[in-house]
Each structure stands twice: as C-alpha cells, then as structure tokens.
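J.: Quick one, what's the 3D model for this:
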Amino acid sequence: MSTGSSADSGTGADGGVGGVSGFGGVSGFGTGDGSRAGAGPGADSGSGAGSRERILARIRTAVADAPEAPEAARDYLDTHTPDARIVDLLAENLADYRAIVHRADTEELPALIARLLAERGARTVLVPPLLPSSWLSATPASITRVDDDVEATPRELDAVDSVVTGCALAIAETGTLVLDAAPDQGRRRITLVPDHHICVVRTADQVVGSVPQAMPRLDPTRPLTWISGPSATSDIELDRVEGVHGPRTLEVVLLTD
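T.: Modelled structure (predicted):
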C-alpha cells in the first residue's frame, strides 16, 4: 500500500525536473528530450534491469558452493505466559493500550452493555447480523439499533454512536483483539468508522497467550483486523492523537461463563 503520492513527471512543458516515481526510486531528472541526465551511450535503459542482473549474477556466484540451508527450528516456546495468567495479562495489556476493560458473566453482560451505552450517551448502536440477542436484551428501545447494511455510506456509519461486536480471538501477550468479519462481528468497516466500540471476548475459548498460538486458529483467507487499543497516532514530536484511524474509545468486556 502506498503511503505517499507520486510526484509529477515534470514541472512544465519543457520537461523540467521530475521523474520521481514514488517508492520505486528516483528515475532521473528530465532533460527536456525524454532522456536521463548523465546517461551516456552505454547506460542501461528502462528501470535498471541490467544492474539488477549483474547484482543477481554476483550473488549466485558467491553462493554457488554454499551448503543447503538447515531447516528452521520449530521447537521453540510458543508462549511465555502460564495458562492461569492469560486472562489477567490480557486485561493488563489492553488497559496499557488505553482500552477500557470490564469483566462480566453471562447474566451480568446485558446490563453492563446497557450501562456502557447509556454512559456514552449513545442514541444509536450498530449491531452485526448474528450478535447474540441476549447481549442487548437490557438495552432500552430509546437506543435505536442499526443493522450492518452493505449499502451504508461512510457518512451514515460516522453518524452511528456505538457498535457492539464479538471477536475471533484475543492475544494476551500483545493485548490484541482479532476480528475476522464473522456474523457476530460484522464487516470490517463497522468497527473502524463509529467512534465507540464495545467488544465482547469469551475468556473460556477465545483468549490465547501469544501470536504463535493465535495464527493456527485464524483463517488467512478472511479479512482479519488486529486491534491493540483505540485508534491512535502521533506526529514527529510524539503528540498523541486518538480516533484518527478508528474508534476513539474501545471498551472490552471479558466474558466468563
């Protein structure tokens, strides 16, 4: 994904200075006749394919007699966290990323979600298609439920006050939530545009210790969204700004049976 725009190919009709091709490198300065400044009769044309082939040829020569690389070791620890510490560590790391962490059992969850929406002053809440109905059973009718509509525009999503979702996994050692667009989570954009996200994590079967433990349980063909705290960015002076690329407020409910 490009993070910057390509420069113009010239500054005027006469060719001028130009030819910056983004992250592909500087292709040279325009000379007005389409050639590169400093390019002599023997210079490579195009994108420097000749130089590339020379470099690759030298690498092949240097490694021609090298032994085969050994198989990568796979007997390393896949976590440093005892099972008894996983949920507490997740809570600590989520809070360290400035997420707001709550704990509840299945009976307490509906009232907790209703309270969080009320404290937020939410008038609308976006609901994925297969979010368990019991989760919002205590939410008053005065808070309008908005469906995950494929036709919804970014402006319409931005007008939604809150969104409630489940998750695919949570990773304790990194304080990360992983969403995979399952029916209890909805499409990716519904958790990126609204400013307030309540995410429910089932501690019994959705919390793992580490990224190596998480990867085999995730489907790489699904749209995975990895969330570590509310959206935040900072400039070169390290001034932190929240809510630029996603929800300004992330509340995580650790759900026990």
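J.: continuing past the host helix or strand of residue 86, what's the next helix or strand?
T.: Following DSSP states H and E, one finds residue 86 within helix 86-96. As assigned by DSSP H and E, the chain's next helix or strand after helix 86-96 is strand 100-105.
J.: in its sheet, what does that next one sit against?
T.: Paired strands of strand 100-105, with direction, are strand 249-256 (parallel) (DSSP bridges).
J.: pLDDT of stretch 100-108, averaged?
T.: Per-residue pLDDT over stretch 100-108 has a mean of 98.
J.: buried stuff in it?
T.: Going by neighbour count (16 or more other C-beta atoms under 10 Å), the buried part of stretch 100-108 is 101-102, 104. All C-beta spots, glycine's among them, are computed from the backbone N, C-alpha and C.
J.: which residues sit against it?
T.: 91, 94-95, 112, 116, 134, 249-257 (C-beta atoms under 8 Å, 6 or more residues apart in numbering).
J.: rewinding a little: can you spell out which helices and strands pack onto the helix holding residue 86?
T.: If you count contacts as 3 or more C-beta pairs under 8 Å, 6 or more residues apart in numbering; DSSP states H and E, helix 86-96 packs onto strand 100-105, strand 207-208, strand 249-256.
J.: In a markdown table, list those strands along with distance to residue 69.
T.: A markdown table is the format used below for the helices and strands packed on helix 86-96 (distance: least, C-beta to C-beta, whole Å):
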| stretch | distance to residue 69 |
| --- | --- |
| strand 100-105 | 44 |
| strand 207-208 | 30 |
| strand 249-256 | 42 |
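J.: closest to residue 138 out of these?
T.: strand 100-105 (11.7 Å; C-beta to C-beta).
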